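1. Make a model of this:
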Amino acid sequence: MINRLFFILLIMGFSPLLMAETSAISWSDLDAGQQQLLKPFSDQWNGLPVQRQQRILKGVERWKTLSKQERKQFKKRFKRWKQLPPERQKKVRKLFKRYLAMNPQNRARIRNKYQSFRQLPAAKRQQLRQRWNNLPPPIKRRIIENRHR
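-> Below you'll find the model as predicted:
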């Protein structure tokens, strides 16, 4: 009996937290700062799925912590992203999902190699890109397959 009562009280105590996780957030419940940043979503906000609202709000909170320089860099990258053709965006999303599905060691290895590449002089990076682009597709596939083993 006491266990059941404790369980019921526990559920009742946490139910607002559970509901907050799964219930939609009305546009009118957002503070003025959030509404300002989310203005492009104002017409559709109340119809967005809860998970999407939460992801967007998480992004807003992250945005608030960025410095002016970081915000400038983000805007530049976002503009570049928007200029990509839809098929390229789709390919990038697919690659990113593959990256997220990797184990932490492989993700760390990729991040480290990317950082090493970024530290190379621009001319060397361009030379490596050119060499890669000149390889025939079967060779590229074989290289990629061998790296994932």
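2. buried residues in stretch 140-149?
-> Buried residues in stretch 140-149, counting neighbours by 16 or more other CB atoms under 10 Å, are absent. Using the backbone N, CA and C atoms, a C-beta is placed for each residue, glycine as well.
3. same thing with stretch 124-144?
-> Applying 16+ other CB under 10 Å to stretch 124-144 flags no residue as buried.
4. Ok, stretch 55-70 next?
-> In stretch 55-70, counting by 16+ other CB under 10 Å, buried: 56, 60.
5. what about it, distance to the chain center?
-> 12 Å (CA atoms, centre = their mean, to the nearest Å).
6. What average pLDDT does it get?
-> Throughout stretch 55-70, pLDDT has a mean value of 90.
7. CA atoms only: put it into CSV for me.
-> Taking C-alpha atoms only, stretch 55-70 is exported to CSV below (Å, rounded to 0.1, in the frame of the first residue of the first chain):
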residue,chain,number,x,y,z
ARG,A,55,15.0,21.6,-31.0
ILE,A,56,14.4,25.2,-32.2
LEU,A,57,14.3,26.5,-28.7
LYS,A,58,17.5,24.7,-27.8
GLY,A,59,19.1,26.4,-30.8
VAL,A,60,17.8,29.8,-29.6
GLU,A,61,19.3,29.2,-26.2
ARG,A,62,22.6,28.2,-27.8
TRP,A,63,22.4,31.4,-30.1
LYS,A,64,22.1,33.6,-27.0
THR,A,65,25.4,32.3,-25.7
LEU,A,66,27.4,33.0,-28.9
SER,A,67,29.7,35.9,-29.2
LYS,A,68,29.3,38.5,-32.0
GLN,A,69,32.1,36.8,-34.0
GLU,A,70,30.6,33.4,-33.5
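8. Thanks again, I'm all set now.
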